[in-house]
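Asker: following is a predicted model, sequence given first.
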Amino acid sequence: MALNPETGAGVYGADSYATRAFILAYWTARPHDALAATVAAADVDDLDGAAREASAYLDAEFGAHYRGDRKGYVQGLLWPRSGAKDDAGYDLPAIPEELKRAVAELAARALSARLAPDLERGGMIKREKIGPIEQEFAEGASADTRYGFVAKMLAPVLDGTQTGAPRAQWNWG
């Protein structure tokens, strides 16, 4: 099934914030990262599926903290937004570059594992020992994987109410 990227017009059925070409270009510019090879080796269907998963993950994880309001009811994703302004009061673009870059980052990871896997017993592992290796988590530690780089990357489009991501000044430089 072909990818249906959001253009900024509120595309009905849009399923990705980034095109396949954008994701490939993003990782081509980062050959030093092992994820670049993962993306380069992916076939079209796998990369499209990873882009869909990454976009859905971003909306599920960060959507409640996006600035502004969803522009229309029938659009496939939570962007574009109306009334979305940066810290200085300037309008954010229909599809911010930060959002597309976050999709590229997460799509590379989604090629090898689910971004939000089901967790056995809620993932609250107290202790695990495999051979000589032992791991124990602190009380109350989240069992979910956190993508700190992505959260920081998204800071300009988030409203600052989310845990762990700073507010940032929008700068097109």
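Answerer: Received the coordinates, thanks.
Asker: CA atoms for contacts and neighbours, from now on please.
Answerer: Fine.
Asker: list the contacts for residue 8?
Answerer: Residue 8 makes contact with 79-80, 94-95 under the criterion C-alpha atoms under 8 Å, 6 or more residues apart in numbering.
Asker: again, only using 10 Å
Answerer: By C-alpha atoms under 10 Å, 6 or more residues apart in numbering, residue 8 lies in contact with 17, 71, 75, 79-81, 93-96.
Asker: residue 100 now?
Answerer: Contacts of residue 100 by C-alpha under 10 Å, 6+ apart are 16-19, 22-23, 26, 51, 54-55, 154.
Asker: helices along the chain, start to end?
Answerer: In the chain, helices defined by DSSP state H lie at 20-28, 34-41, 44-62, 97-110, 148-153, listed in chain order.
Asker: any idea how far residue 67 is from residue 106?
Answerer: Going from residue 67 to residue 106 by C-alpha to C-alpha, to the nearest Å gives 21 Å.
Asker: now swap in residue 64 and tell me
Answerer: Distance from residue 64 to residue 106, by C-alpha to C-alpha: 19 Å.
Asker: repeat that for residue 38.
Answerer: Taking C-alpha to C-alpha, one finds residue 38 at 12 Å from residue 106.
Asker: more neighbours: which of these two?
Answerer: residue 106 (22 against 15; other C-alpha atoms under 10 Å).
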